[in-house]
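> fold the following.
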Amino acid sequence: MNSTPTTVSGFVGFGARQLANRIMHATSPGISSISRSKCSGLGLSLASLIQGDASRAPGLYRGIFELGGCKTVLAGTSIFELPDIRPPSFDLALHSFGWLHDLHAANTQLYRVFARGLVSEWLALKTYRSKAARDPKTVASRIINWTQSAQFLLRGASKEFEVAFLESMTRQTRLLARNGINHFQPAIRLGSAIAMVYATFGTTGLENLQKSALHRLSQELDQQILVDGGHVSRNGETLVDLLLLLLPVRDALQTAYIELPAPINAAIERMFPMLRFLAHSDHGLAVFNGVSRTSPGAIKAILDRDEVCGKPLSHAPMSGYSKLVSGRTSILMDTGNPALPGHNIAVACSPLAFELCDGPHRIVVNCGNKPGADRNWLAASRLTSAHSTMTVGCLDTSVIIDNTFTRHLFSTPMLLGRGTVEAEVKTESLGGIISASHTCYTKAFGLVHQRRLFLNNDGADLRGEDSLVPEYADAAAQQQTDFAIRFHLHPSVKANISRNGSSIMLVLPNKTGWQFSARGGLLSLEKSIYLPDSRSARPTNQIVISGVSGRPDRVLWAFKRMKKVTKKISEPALIAPELPLNAG
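All right, here's what the predicted structure looks like:
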């Protein structure tokens with residue numbers, strides 16, 4: 001079946017709505033009275049929830065800047081006057097001044113003077129006029145970082161530096177009020193709203209703007225934080241970044257006996273359990289939809305502030321994820337449709353992909369994304385084959401449109417789902433079950449991908465079933481199609497396939513063994529990569545089950561935890577039993 005007309009009409013229709021949305025935001029009123037307001041001193045303390053890395057301070061002092069996945073070593077020139085040959089991610093990180101936190105963490109007079117010197121240099125060279133420095137996302141990040149580092153910078157500073165610093169904060173706040181608050185990109189609007197709150201409460205002189213800044217932040221959180229606590233981007237990393245910025249605001253306002261608007265507090269309380277939901281048993285984020293940092297330290301710092309400790313659900317239909325937890329084992333599955341264009345630059349084609357974690361060790365993962373990834377890495381990481389799910393006929397589950405037009409209209413790729421995703425999570429007497437399906441291969445092949453996962457009560461036995469079911473009675477003739485089911489492994493997992501190719505032994509860093517086996521397809525062990533938490537791709541392996549749809553009608557597979565490996569284990573018999581879906 002040909003889906004081109006539907007795809008084109010959907011693209012045109014959504015593009016027209018997006019254009020109307022851009023016009024609406026461009027003509028919306030900005031923050032009132034901003035041109036008559038001026039930063040005159042320091043206000044509330046909005047200290048960062050997590051400290052910078054003090055071990056990086058000596059390198060910065062010697063001119064070694066590792067930012068946005070790129071490393072630069074200075075040789076007698078200013079960091080702000082380097083040739084324009086760096087990736088955009090480096091300039092974003094440089095002009096955002098997030099590296100000030102590393103100098104602040106070292107907290108010595110030497111690094112304080114050095115930090116002031118870099119800020120003064122940035123101002124003297126008028127670097128703030130450059131395109132990269134004036135980008136609304138960069139301006140918002142810089143205002144936040146300057147506000148959080150202001151006390152560190154101004155302690156013992158000359159009056160001249162203090163005046164220049166506050167005058168620049170005023171200019172940047174005005175610039176953000178003009179170009180950021182009404183930006184067509186939701187992420188920039190939200191970041192700008194947060195930065196305006198930081199500027200108006202973190203300095204004196206802007207008090208008349210505080211009410212309108214909080215109102216704008218309330219509006220954006222209402223629009224972008226879903227009912228179940230997830231963000232519209234479906235990227236867990238966004239939740240981490242938002243909470244790291246919102247919690248200092250809540251703490252500062254409570255300390256000053258200033259009422260926090262109910263929509264902001266409600267959004268924070270919804271996000272807490274959702275962050276728990278998206279974290280594995282190793283306390284780091286599951287790698288879905290562009291996650292480049294698993295962030296266990298940041299997650300701990302955030303959840304330590306959670307006083308309610310609301311229990312997350314096993315199914316988050318609005319965010320599009322399902323989860324099983326038994327013993328020390330956790331499983332998270334993508335059971336949602338792609339985020340709408342404009343919300344996530346790293347949106348992925350990953351329905352029914354899952355990850356498996358055993359205590360502090362990840363076993364099955366998705367390839368994910370790397371910090372500061374360029375367009376090529378982003379394109380590769382969003383493919384269905386980069387996820388632990390099934391591909392049919394080498395076809396992605398969404399139509400990916402990434403060209404000049406979509407970049408100007410949305411600033412993100414446009415993924416038009418080829419179908420819909422449905423899921424259900426339930427508990428049986430023997431364990432938990434996720435039953436999910438998607439119709440993304442129906443138009444091309446007349447097939448529905450169904451996946452069922454069962455995790456027993458002690459977390460030692462995971463069984464899976466993948467099947468391709470004809471959508472219509474006359475679709476049976478179309479279902480003779482090649483498929484591949486992938487299980488990408490974490491780089492820390494050692495994998496060895498048995499001599500007869502019937503099973504694979506997996507050994508974790510703590511010497512715990514897991515045995516994988518399958519029937520219904522050809523089992524192989526192939527090369528893969530893992531991108532998060534590293535500047536470069538880390539080599540790893542992937543388990544692949546390949547076959548032809550309808551021969552047989554389903555594939556059964558299983559992961560079973562074994563005792564810690566202390567000696568060579570003989571090749572086990574094939575294990576891929578039926579799922580105990582009818583257990584009473």
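
> mind checking the end-to-end distance for stretch 349-367?
End-to-end span of stretch 349-367 (Cα to Cα, to the nearest Å): 12 Å.

> same thing with stretch 341-355?
With Cα to Cα as the measure, stretch 341-355 spans 25 Å from end to end.

> show the pLDDT at the residue lying closest to Cys357 once chain neighbours are set aside.
With sequence-adjacent residues excluded and distances taken as Cβ to Cβ, 6 or more residues apart in numbering, Cys357 is closest to His280, at 3.8 Å. (C-beta placed from N, C-alpha, C; glycine too.) What the model reports for His280 is a pLDDT of 96.

> state the phi and psi torsions of Val548.
Per-residue torsions, Val548: phi -120, psi 130 (degrees, to the nearest 10).

> verify the stated contact: it with Leu447.
No - when contacts are counted by Cβ atoms under 8 Å, Val548 is not listed as touching Leu447 (11.8 Å).

> the two: who's more crowded?
Leu447 (25 against 14; other Cβ atoms under 10 Å).

> wait, the more buried one sits on Cys440?
No - under the criterion of Cβ under 8 Å, Leu447 makes no contact with Cys440, lying 9.5 Å away.

> any low-confidence regions in the chain?
For the chain, applying pLDDT under 70 flags the ranges 1-35, 84-85, 473-479, 564-584.

> how close does Phe161 get to Gly327?
57 Å (Cβ to Cβ, to the nearest Å).

> follow-up on the earlier one: who touches both of Val548 and Leu447?
The overlap between the contact sets of Val548 and Leu447 (Cβ atoms under 8 Å, 6 or more residues apart in numbering) consists of Thr481.

> that older thread, what about the residue nearest to Cys357, how many neighbours?
Per other Cβ under 10 Å, the neighbour tally for His280 reads 26.

> likewise Arg216?
Using other Cβ under 10 Å, Arg216 has 24 neighbouring residues.

> just the element for it, please.
helix 210-224 (DSSP states H and E).

> same deal with Val448?
According to DSSP H and E, Val448 maps onto strand 447-456.

> that strand pairs with which strands?
Its sheet considered, strand 447-456 pairs with strand 431-438 (antiparallel), strand 461-470 (antiparallel) by DSSP bridges.

> what distance separates that strand from the centre of its chain?
On the basis of Cα atoms, centre = their mean, to the nearest Å, strand 447-456 is displaced by 25 Å from the centre of the chain it belongs to.

> what do you get for stretch 389-409?
Relative to the centre of its chain, stretch 389-409 is centred 19 Å away, using Cα atoms, centre = their mean.

> check stretch 258-275 too.
Distance of stretch 258-275 from the chain centroid (Cα atoms, centre = their mean) equals 20 Å.

> repeat for stretch 546-555
Its chain's average C-alpha position is 33 Å from that of stretch 546-555, according to Cα atoms, centre = their mean.

> pull out the buried residues from that stretch.
For stretch 546-555, a neighbour-count test (16 or more other Cβ atoms under 10 Å) marks 546-547, 549-550, 554-555 as buried.

> the stretch 351-500 of the chain: helices as residue ranges?
Ranges of helices in the stretch 351-500 of the chain, per DSSP state H, counting those that start in this stretch, are 375-381, 404-409, 442-445.

> most tightly packed of the ones you listed?
Comparing the helices of the stretch 351-500 of the chain by mean neighbour count (mean count of other Cβ atoms under 10 Å), helix 442-445 comes out on top with a mean of 20.

> ok, the nearest residue in space to Gly63 that is not next to it in sequence - how many residues close by?
Of all residues not flanking Gly63 in the chain, Leu74 sits nearest, at 3.2 Å (Cβ to Cβ, 6+ apart). Number of residues near Leu74 (other Cβ under 10 Å) recorded here: 14.

> ok, now which ones touch Leu74?
Listed by Cβ under 8 Å, 6+ apart, the contact set of Leu74 reads 63-65, 82.

> possible to save these as a markdown table with distance to Gly229, secondary structure and neighbour count?
Formatted as a markdown table, the contacts of Leu74 follow (distance: Cβ to Cβ, whole Å; DSSP: H, G, I helix; E, B strand; the rest coil; neighbours: other Cβ atoms under 10 Å):
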| residue | distance to Gly229 | secondary structure | neighbour count |
| --- | --- | --- | --- |
| Gly63 | 43 | coil | 14 |
| Ile64 | 39 | strand | 13 |
| Phe65 | 36 | strand | 21 |
| Leu82 | 41 | coil | 16 |
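
> tell me the one among the buried residues of stretch 546-555 nearest to Cys70.
Using Cβ to Cβ, Ser546 comes nearest to Cys70 of these, at 37.6 Å.
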